[in-house]
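Undergrad: I would like to see how this sequence folds:
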Amino acid sequence: MLSFWNLIEAHVLRALRTEHGVSVKDVRKALQYAERELRIDRLLLRRELCSHAGQLFLDRYGELISLSTSGQLAMKRLLDARDGFKYYEAGMDLGFSEAPAERFEILPGKILGEYEKMVPEFDITAIDATLPIEAQQVQMRKLVKAKLEQAKRLRVAP
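TA: Got it, this is the predicted structure:
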């Protein structure tokens with residue numbers, strides 16, 4: 001008799017094979033790698049499991065790990081599988097590098113630098129996005145409340 005979890009695994013396996021084009025061989029390889037190297041039992045039940053272009057990946061600690069290629073980081077496979085990047089989306093107009101992977105390393109730092117320049121100019125307040133959403137919400141409410149109180153004081157009576 002199958003358990004509830006076995007039924008979920010069977011459903012995920014069918015979806016990976018029929019809807020996402022992942023071969024049974026790649027699923028088996030991914031399951032073995034996840035158990036042996038990552039100590040993950042029941043991989044098919046994990047939210048972090050994802051697929052793209054017939055390959056299996058695990059989103060772990062912010063890194064996309066290719067389970068189909070025994071744990072290689074997935075940037076190269078994603079770059080190869082994609083039809084191409086838009087000129088501006090990939091930062092090609094900025095002239096940092098002709099190599100796509102190198103641009104992806106450079107571009108986020110440049111974007112962050114531009115945001116940091118905007119902070120004093122536009123009085124932007126940063127909130128730590130790594131905090132739980134509830135903590136972020138508390139900070140945001142305090143900030144908005146202070147701005148609303150400031151606006152009330154500045155409001156001119158008719």
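
Undergrad: as a check, name the ranges of all helices in the chain.
TA: 4-18, 24-37, 75-81, 100-122, 133-154 (DSSP state H).

Undergrad: of those helices, which stretch is the most buried?
TA: helix 24-37 (a mean of 16; mean count of other Cβ atoms under 10 Å). All C-beta atoms are positioned from the backbone trio N, CA, C, and that covers glycine.

Undergrad: list of residues touching that one?
TA: In this structure, residues lying in contact with helix 24-37 by Cβ atoms under 8 Å, 6 or more residues apart in numbering are 13, 16-17, 40-41, 43-44, 54-56, 58, 67-68, 70-71.

Undergrad: one more time with 10 Å, if that's ok
TA: Identification of contacts with helix 24-37 by Cβ atoms under 10 Å, 6 or more residues apart in numbering yields 9, 12-13, 16-17, 22-23, 40-44, 46, 49, 51, 54-58, 60, 65-71.

Undergrad: got a ChimeraX select line for the buried ones in these?
TA: Restricted to buried positions by 16 or more other Cβ atoms under 10 Å, the ChimeraX selection for those reads:
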select :9,12,16,22,40,43,44,46,49,51,55,56,57,58,65,66,67,68,69,71
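
Undergrad: from the contacts of helix 24-37, which ones fall inside strands?
TA: Residues of those located in strands (DSSP state E): 49, 51, 55, 56, 57, 58, 60, 65, 66.

Undergrad: out of those residues, flag the one nearest to residue 125.
TA: Residue 125 has its nearest neighbour among the ones in strands among the contacts of helix 24-37 in residue 60, at 31.2 Å by Cβ to Cβ.

Undergrad: so what sits opposite the closest one in the bridge?
TA: residue 63 (DSSP bridges).

Undergrad: how does the protein divide up, domain by domain?
TA: 4-81, 84-124, 126-158 (automatic domain parsing).

Undergrad: now the ones you listed as TSV including mean pLDDT?
TA: Below are those laid out as TSV (pLDDT from 0 to 100):
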stretch	mean pLDDT
domain 4-81	78
domain 84-124	72
domain 126-158	85
